[in-house]
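Chemist: Sharing a model prediction with you, sequence too.
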Amino acid sequence: MKLSRNMLHWRDLLFELVSRDLKVRYQRSAIGLGWSLMKPLAQLAIFATVFSSILPLDIKNYTTFVFTGVLVWAWFSSSLTSAAVSIVGSREMVRRPGFPVRLLPALTILSQGVHFILALPLLFVSSWIQIGPPPISALALPALILAQFVFTLAICNILASLHVFFRDIEHLVGITMMLGFYVTPVFYRPIDANQDYWFLTAFNPMAWILEGYRAIFVDHTWPPLWIYGYVTMVSVPLLLFGHWYFDRVSNRFVDEL
């Protein structure tokens, strides 16, 4: 019973914190949340122009293909970048007695996830125009979103904890996300097993997750079941380790801040 009350309290608190974060971020902005669509749309325009007309990659339905990659990667990348500084950047809340500090990394993922959800209708429209009406396999979308959330949370818990003690983490995450964008098949096909550097996509969890999204939006088929199995095998150990490490060091956060 107590656990249920805590869960409800945390849910309501997360909702309030996400709402506050979005209001503060877009306060006095003429476009407001519309800015969240500007970066992925700009990237889409660049990639669609360059790799469809100037240096064609010969990928069918490329606009939808690359739009899927850009949106999914943007949620992942922005979540990790924000989560790394989520504890250090929330000193007042961390120092407040009784505040569940554990919620801060999840808060950043949910906040960035709002932008992802707002952009999904545009992705559905792109898929509809290029390929056809939304398929029945779109019902698998919530499961994919959950799989990406859990995988992202597992990493964010670790990064947020480490950054309290090692302030270089923020810069390392920025560099890693920049490199990760190019070694993840965001704007190109996954590397075939008979080609050099095939392991960059074969053992890349974000490449697996992207394949699931593209199965829905580009191929109009059900995501392969192995995606959920592989992502779970990676996410669960990371999540358990992150939970253990967070609990171990969280009592030192106030002193370090």
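Modeler: Ah, there it is. Numbering: from 1, shown residues only.
Chemist: Now for residue 38, how many residues are close by?
Modeler: Other residues lying near residue 38 total 10 when counted by other C-beta atoms under 10 Å. All C-beta atoms are positioned from the backbone trio N, CA, C, and that covers glycine.
Chemist: Distance of it relative to residue 208?
Modeler: Noted for residue 38: a distance of 28 Å to residue 208, by C-beta to C-beta, to the nearest Å.
Chemist: Over to residue 255?
Modeler: Taking C-beta to C-beta, one finds residue 255 at 39 Å from residue 208.
Chemist: of those two, who's got more company?
Modeler: The neighbour comparison of residue 255 against residue 208 (other C-beta under 10 Å) goes to residue 208, with 23 against 7.
Chemist: Which pLDDT value does the model give the more buried one?
Modeler: Residue 208 is assigned 95 on the pLDDT scale.
Chemist: okay, now the closest residue to it other than its chain neighbours: neighbour count?
Modeler: Distances taken as C-beta to C-beta, 6 or more residues apart in numbering place residue 227 nearest to residue 208, at 5.0 Å, with adjacent residues excluded. Using other C-beta under 10 Å, residue 227 has 22 other residues around it.
Chemist: And for residue 252?
Modeler: 12.
Chemist: before we move on, what about residue 94?
Modeler: 19.
Chemist: Now do the phi/psi pair for residue 222.
Modeler: With angles defined as degrees, to the nearest 10, residue 222 sits at phi -80, psi 140.
Chemist: please renumber so the chain begins at 3
Modeler: Yep, numbering from 3; the last one is residue 224 now.
Chemist: Nearest spatial neighbour of it, chain-adjacent residues omitted?
Modeler: Residue nearest to residue 224 in three dimensions, not counting chain neighbours: residue 139, with 4.5 Å by C-beta to C-beta, 6+ apart.
Chemist: pLDDT (mean, whole number) over the strand or helix carrying residue 249?
Modeler: Per DSSP states H and E: residue 249 is located in helix 227-251. Averaging pLDDT along helix 227-251 yields 92.
Chemist: how about the helices in the stretch 103-252 of the chain?
Modeler: For the stretch 103-252 of the chain, the helices defined by DSSP state H, counting those that start in this stretch cover 105-132, 143-167, 171-185, 201-204, 207-219, 227-251.
Chemist: Thanks a lot, catch you later.
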